[in-house]
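Student: Structure for this input, please:
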Amino acid sequence: MGSNIEAFISRDAALLESIASEIGTRCFDLPQNYLLVPVPEDAMPEDWRDAYDEFSDLDPKLAEHARSASSSGAVAYIEGSTFAGDGIQRAVVWRDEQVAWGPTHTCNLEQDAERELVWAADPREGAINAALRELGVDATGHLDEYAALGLDAKRSTEDWLG
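Tutor: So this is what the prediction gives:
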């Protein structure tokens, strides 16, 4: 069984509310005073080749909205999918209306590392955990930053939306 996530994460409620309003969804509370806005499928590009900067599911207009909204705080976009242990993660962080970190694209299989995908042998070094560290997520007492925010409680973006 696989899993997937496409979401924005920030501590700035107004910033995430503007993104949620843009795509017709809502914010969810996470530990450590973070919030999550899941990105519904209808807010994603129809063709992955039209996505922002080598991402699969980030619409360039939505990326621009997040970038401009980051004048009030940092925001990360995370995207990940796994199937039978194989996984790809993509993430970017905006702050002060510019890219502050990334975009980074990682995979957990060395043979999949090509072009934009970087092999992350240790799951804690995947793009999503690295972006969450950039935001300031504290993983103390947890397997990693992803678990520290409780993101492992749902298997898919649709589970957040449902």
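
Student: from here on, contacts and neighbour counts on C-alpha atoms
Tutor: OK.

Student: Tell me how far the host helix or strand of L132 lies from the chain's centre.
Tutor: Assigned by DSSP states H and E, L132 belongs to helix 127-135. Here helix 127-135 shows a centroid-to-chain-centroid distance of 9 Å under the convention C-alpha atoms, centre = their mean, to the nearest Å.

Student: cool, and stretch 150-157?
Tutor: Going by C-alpha atoms, centre = their mean, the spacing between the C-alpha centre of stretch 150-157 and its chain's C-alpha centre is 12 Å.

Student: then the helix holding L132 to PDB, C-alphas only?
Tutor: Extracted C-alpha coordinates of helix 127-135, given in PDB (Å, rounded to 0.1, in the frame of the first residue of the first chain):
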ATOM      1  CA  ALA A 127      13.400  16.500   1.100                       C
ATOM      2  CA  ILE A 128      10.300  16.700   3.400                       C
ATOM      3  CA  ASN A 129      12.200  16.300   6.700                       C
ATOM      4  CA  ALA A 130      14.900  18.700   5.500                       C
ATOM      5  CA  ALA A 131      12.300  21.400   4.600                       C
ATOM      6  CA  LEU A 132      10.600  20.900   8.000                       C
ATOM      7  CA  ARG A 133      13.900  21.300   9.800                       C
ATOM      8  CA  GLU A 134      14.300  24.600   7.800                       C
ATOM      9  CA  LEU A 135      11.000  25.700   9.100                       C
END
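
Student: Identify each buried residue in the following helix or strand past it, please.
Tutor: Going down the chain from helix 127-135, the next helix or strand is helix 145-148, by DSSP H and E. For helix 145-148, a neighbour-count test (16 or more other C-alpha atoms under 10 Å) marks 145-146, 148 as buried.

Student: same question, stretch 59-78
Tutor: Of all the residues in stretch 59-78, those buried under the rule 16+ other C-alpha under 10 Å are 59-60, 62-63, 65-70, 73-78.

Student: okay, which residue is most central for this protein?
Tutor: In the chain, the C-alpha nearest the mean C-alpha coordinate belongs to I78, at 0.9 Å (C-alpha atoms, centre = their mean).
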